[in-house]
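Engineer: Sharing a model that was predicted from the sequence below.
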Amino acid sequence: MEKIGKETRSKIMACIRSKHTKPELLFRKLLRQHGIKYKLHYGKEKIDIAIPGKKLAIFIDGCFWHMCPKHGHIPKSNKKYWIPKLKKNLIRAKDKDKRLLDAGWKIVHIWEHELSNSTVCTKKIKKMRH
């Protein structure tokens, strides 16, 4: 395995988007097609997609970064780095969900892989409207 320095690793990680990702853009397009208005990266909690009038928080979760039960995996190399990092992502997301629920928000999580099935997404969008 090729070892890279901290500075190089930092540059690589800095290139990974947290906003306006392809899955997020795809879901936003579906919302627009259904005439649903939303706000991006909303409030103190930085909700991916928010519908403030309904107090609805939508998060688009990447299968790798949020350890999807179907597609999530732990890299074979550098496990001492990746295992704590991925676990922290889960803890941070659960804490954020709890804070939002305590504030009266409804929360919807959409897995990155669900976006390939427009039927699943459309059903979730229809549930959001009610």
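Structural biologist: It's in. Residues are numbered from 1 along each chain as shown.
Engineer: Let me know how buried residue 105 is, in neighbour terms.
Structural biologist: Using other C-beta atoms under 10 Å as the criterion, residue 105 is surrounded by 19 other residues. Where C-beta positions appear, they are placed from N, C-alpha and C, glycine not excepted.
Engineer: For the closest residue to residue 99 other than its chain neighbours, grab phi and psi.
Structural biologist: Sequence neighbours aside, residue 45 is the residue nearest to residue 99 in space, at 6.5 Å (criterion: C-beta to C-beta, 6 or more residues apart in numbering). When quoted as degrees, to the nearest 10, the phi and psi of residue 45 stand at phi -80, psi 0.
Engineer: secondary structure element for residue 98?
Structural biologist: helix 79-102 (DSSP states H and E).
Engineer: Name every strand pairing with the following helix or strand past that helix and say which way it goes.
Structural biologist: Counting by DSSP H and E, the element after helix 79-102 in chain order, helix or strand, is strand 106-111. Counting by DSSP bridges, the strands paired with strand 106-111 are strand 56-61 (parallel).
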